[in-house]
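Student: structure of the sequence below:
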Amino acid sequence: MKFLIDNQLPLALRRFLSEQGHDVLHVLDLGMATASDLQVSQLAANEGRTIITKDEDFSILAAMGRCQAPVIWVRCGNCRTRALLDLFSQSIETIEEKLRSGNLVIQLIG
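Tutor: Prediction:
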């Protein structure tokens, strides 16, 4: 799977998902720290990537048809990086299954 991680999430998530065999970029890797949500979503759509974000705006854009990339909306509030990685570790198979089934917005609640 190909992912693009948004600003609010740590680089450790990129490393973790990469170690699981996924093609992962972080907006910081691309110099897009100040890019708009539309710019991020356009890049993700163009590259066939799923956006991983804590920003509800991407879910709203997807509902409005303005975000063509799938979105994983991480809803765990402020948590330690270890807790975030554990949440992904426990959920990655379900996430992959939902993406393969064509889900455009996946809420990951922790």
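Student: which pLDDT value belongs to the residue of the chain most remote from its centre?
Tutor: Distance from the centre of the chain peaks at residue 64, with 18.2 Å (CA atoms, centre = their mean). Looking at residue 64, its pLDDT is 91.
Student: what is the top helix by length along the chain packed up against?
Tutor: Criterion DSSP state H: the longest helix present in the chain is helix 81-100. When contacts are defined as 3 or more CB pairs under 8 Å, 6 or more residues apart in numbering; DSSP states H and E, helix 81-100 sits against helix 11-19, strand 71-75, strand 105-109. To be clear about C-beta, it is placed using only N, CA and C from the backbone, and glycine gets the same treatment.
Student: mind running it again at 10 Å?
Tutor: strand 2-5, helix 11-19, strand 50-53, strand 71-75, strand 105-109 (3 or more CB pairs under 10 Å, 6 or more residues apart in numbering; DSSP states H and E).
Student: report the angle between that helix and helix 11-19.
Tutor: Interaxial angle of helix 81-100 relative to helix 11-19 (axes from the mean of the first three to the mean of the last three CA atoms, to 10 degrees): 50 degrees.
Student: show me how far helix 81-100 is from its chain's centre.
Tutor: Here helix 81-100 is found 11 Å from its chain centre; the criterion is CA atoms, centre = their mean, to the nearest Å.
Student: which strands and helices sit next to the one helix or strand in the chain whose mean pLDDT sits lowest?
Tutor: Across the helices and strands of the chain, mean pLDDT, DSSP states H and E gives its lowest value to helix 56-63, namely a mean of 92. When contacts are defined as 3+ CB pairs under 10 Å, 6+ apart, helix 56-63 packs onto helix 37-47, strand 50-53, strand 71-75, strand 105-109.
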